[in-house]
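**Student:** Need coordinates for the below:
(chains A and B)
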Amino acid sequence: MASITLQNLVKKFGETVTAVAGVDLDVSDGEFMVVVGPSGCGKTTTLNMISGFEEPTSGSIMIGERVVTHLEPGDRGLGMVFQDLALFPHMTVFENIAFGMRVDKTADAEVKERVSKVATTMKISHLLSKKPAQCSGGEAQRVALARTIVTEPQVLLMDEPLSSLDAKLRIEMRTELKRLHEELKSTFLYVTHDQAEAMTMADRIMVMESGYVQQIDTPLGIYRKPTNQFVGTFFGQPTMNVVSGRIDNGGAPRFVSEYFELSIEPDAVPASATGKAINLGVRSENVTIGNEGAAGEVKLIEPLGDETLVFFSSGDEEFLVAKVDAEREFGPGDKIHFAFQSSAIHFFDAESGVRLE
Amino acid sequence: MAQATIKERKSLSAWLSQEKVFRLIPFIMVEATFLLLLAIPFMLTIYISLLKWRANRPFEQAYFHGLLNYVRVLTTEDFWWALGRTFYFAGTAVFFELVIGFLLAMLAYKQFRGRRIYITIFLIPMMVVPVVGGYNFSMIYIDSGPLNQILAPITEAMGVNPRIRWLSHPIAAQWAIIIADVWQWTSLTFLIFLSGFTALPQQLTNAARVLGASRWQIFWKVHLPLLKPAIMIAVIIRSMEALKLFDLSVLLTFGGPGTSTETIAFFLWRQVWQFNKYSFGAAASIILLFIFGALIFYGIYLLVRERSIVEEESMR
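**Tutor:** Numbering: from 1, shown residues only, chains lettered A, B, ... in the order given. Prediction:
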């Protein structure tokens, strides 16, 4: 059991490419930390530096109380699950799981005992004599996990391990991983580009974009208080509505965009948001459709079963989406009125994208 | 009359344009080529092998001899010596080609400056026409030639006569041929192993590293087993070729001194074209066909089996 501490970790490739531009992170003992961001944001490079496959340009890495910045991957006391699982194709499942003990020259009896124990935990006992190629996607996933946890690493790193699975299995494995985390109580660092995976599994999330850390917070903290427009739009399905405009503060505050105007409760408007160009962000579940507010026209509906997504436009260009109760029926072409729940509105600086409070 | 011809022609083209006829055309071509180029000479060889026919007698006067030629071949000591020698040459040469090719590929598969230039240079020997390569070696091996001059400091220090008779000492001549073959064909094994190394998945190496394997363990437990198909291919392809060794024997030593560098292919050629023992040669070549055929089929069987294992493993 150990914590992970990254201090001002930088990785440059050549002179010009900065993949990771100074990451500071404290993952406490036993925490499930998810690093999330779009492709090329530096999350995998960060993971590779922690695992030891990449040498950092500067900065330091600690696992527990030990500085491991320049140690070999095998000496860092960590386990890793790879994106394509990286099971050894020429070995049986048993030998795959035993590999870490074999290279340590562990006694045969102990190897057998530990492998069969972990195989029982992961429900793969019936696969031990098979080759990885004969396992299904989900089974191979369990084998890869078993191989990693059998060596009892202090820290478990995972590099998008679920990306090769189909949608249904992926959701099942999420639950399984969370259960495994509860059982092992070791520190998990999980890298993904899927915001839904991050939201569902993480104790805390670190959001990265073009090499910089954008925000580190709990899933709900990130969802409710995104630190900037990028984080706001990255999380949540469907994507947060963003409308550019300004706050007109003559008497009751009003949000004025090119196509519509809406009044907002005075308490909800931060002082720093008035009198300049802003982007207003509001999630689909906080858009209300009713008899009051600005006028719009329904363009498209997407029923989700329990709820329905209503895509509508205001004016000709401003497209927005609202999540409404499935009982309410809309059709393309319907004339509607919409408003935003004042308390759930996010204000972002139009130029920097920073959250205004 | 004219009308009838036209009608006939029409029906002929109509007959040709039928789907089932059209599909037969490539088949007929292949069969015809097979018959002309393979089957007829093959039958003729079998036929000749059953005759008593030497060049001192015209073909019409050759008479049937039964299996006596086969008995003679199998009881000729030189035939077995030449066969054994061929296996010795092929085995030794292929062994060195595999080891050196493997080591060179290990050096060249990682990224470094000038890698492409090295690879190109390593591949040149394979591109040299074997006759040219053999001729060059015949000059290198001259008693007062460049090889002995380069080796002179070593041989003199060891107290050996620096004029090693590369082409006229029975054992040195055998090594001369092996060295020339290794020089020429290590390129091929290098190429096969290089592609094998390049195809090794980096993630597997990383997985082994995280699990604490040393570089040595990664090589033995992960890389080498994964390279097994490449090794098999190199062994089989090179062995098949090396068993046919002929040009180097001819160019460097002409089988000599004595028969110490006479390979089986050279033995055959000599029986037929020097000693004019046509039916003996035919019988010997049929026997060889069966021996080599069996070896090649076994090799192909191993390859196919290896391939099916690889395919099964990459199914996912």
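
**Student:** So which bits of chain A are right by chain B?
**Tutor:** With C-beta under 8 Å from any C-beta of the partner chain as the criterion, chain A meets chain B at residues A:51-53, A:72-75, A:78-80, A:82-84, A:86-91, A:99-100, A:102-104, A:131-133, A:137, A:140, A:147, A:151. Yep, even glycine has a C-beta here, placed from its N, CA and C like the rest.

**Student:** And those residues, which of them are buried?
**Tutor:** A:51-53, A:73-74, A:78-80, A:82-84, A:86-91, A:99-100, A:102-103, A:131-133, A:140, A:147, A:151 (16 or more other C-beta atoms under 10 Å in any protein chain shown).

**Student:** give me the low-pLDDT residue ranges for chain A?
**Tutor:** Filtered on pLDDT under 70, chain A yields the residue ranges A:1.

**Student:** Show me what residue of it gets nearest to chain B.
**Tutor:** A:G74 (3.5 Å; C-beta to the nearest C-beta).

**Student:** sec struct for the nearest residue to that residue once chain neighbours are set aside, please.
**Tutor:** In space, and not counting its chain neighbours, A:G74 is closest to B:G212: 3.5 Å by C-beta to C-beta, 6 or more residues apart in numbering or on different chains. At B:G212 the chain is in coil, as set by DSSP: H, G, I helix; E, B strand; the rest coil.

**Student:** tell me the contacts of B:G212?
**Tutor:** A:G74, A:D75, A:G100, A:V103, A:D104, A:T151 (C-beta atoms under 8 Å, 6 or more residues apart in numbering or on different chains).

**Student:** returning to what we had before: among the residues of chain A next to chain B, name the ones in helices.
**Tutor:** If you go by DSSP state H, the residues of chain A next to chain B have A:S51, A:F99, A:G100, A:R102, A:V103, A:G137, A:A140, A:R147 in helices.

**Student:** A:M80 versus the residue of the stretch 151-300 of chain B at minimum distance from chain A, what's the distance?
**Tutor:** Residue nearest to chain A within the stretch 151-300 of chain B (C-beta to the nearest C-beta): B:G212, separated by 3.5 Å. Distance from B:G212 to A:M80, counting by C-beta to C-beta, to the nearest Å: 12 Å.

**Student:** Just say helix, strand or coil for A:L300.
**Tutor:** strand.

**Student:** My guess is it contacts A:P332. True?
**Tutor:** Yes. Taking contacts as C-beta atoms under 8 Å, A:L300 lies within contact range of A:P332: 6.2 Å.

**Student:** B:L252 in helix, strand or coil?
**Tutor:** Under three-state DSSP, B:L252 comes out as helix.

**Student:** what do you get for A:V23?
**Tutor:** A:V23 ends up strand, using three-state DSSP.

**Student:** That one contacts A:K11, doesn't it?
**Tutor:** No. The pair A:V23 / A:K11 is not scored as a contact, 9.0 Å apart, by C-beta under 8 Å.

**Student:** what residues are shared contacts of these two?
**Tutor:** With C-beta under 8 Å, 6+ apart, A:V23 and A:K11 have common neighbours A:G42, A:T46.

**Student:** neighbour-wise, which of these two wins?
**Tutor:** Comparing A:V23 with A:K11 by other C-beta atoms under 10 Å in any protein chain shown, the one with more neighbours is A:V23, at 27 against 23.

**Student:** contacting residues for the residue lying closest to the more buried one once chain neighbours are set aside?
**Tutor:** Closest residue to A:V23 apart from its sequence neighbours, by C-beta to C-beta, 6+ apart: A:L9 at 4.5 Å. By C-beta under 8 Å, 6+ apart, A:L9 lies in contact with A:V20, A:G22, A:V23, A:D24, A:T46, A:M49, A:P56, A:S58, A:G59, A:S60, A:I61.

**Student:** A:L9 sits in which helix or strand?
**Tutor:** strand A:4-13 (DSSP states H and E).

**Student:** partners of that strand in the sheet?
**Tutor:** According to DSSP bridges, strand A:4-13 forms sheet pairs with strand A:17-27 (antiparallel), strand A:58-63 (antiparallel).

**Student:** what about stretch B:25-44, start to end distance?
**Tutor:** 27 Å (C-alpha to C-alpha, to the nearest Å).

**Student:** same deal with stretch A:191-200?
**Tutor:** 13 Å.

**Student:** could you point out which element follows the helix or strand of chain B with the lowest mean pLDDT?
**Tutor:** When the helices and strands of chain B are compared on mean pLDDT, DSSP states H and E, helix B:2-16 comes out lowest with a mean of 63. Once helix B:2-16 ends, the next helix or strand along the chain (criterion: DSSP H and E) is helix B:19-33.

**Student:** buried residues in that following helix?
**Tutor:** Using 16+ other C-beta under 10 Å, none of the residues of helix B:19-33 count as buried.

**Student:** for the following helix or strand past that helix, packing partners?
**Tutor:** For helix B:19-33, the following helix or strand on the C-terminal side (DSSP H and E) is helix B:40-49. Contact here means 3 or more C-beta pairs under 8 Å, 6 or more residues apart in numbering or on different chains; DSSP states H and E; on that basis helix B:40-49 packs against helix B:278-313.
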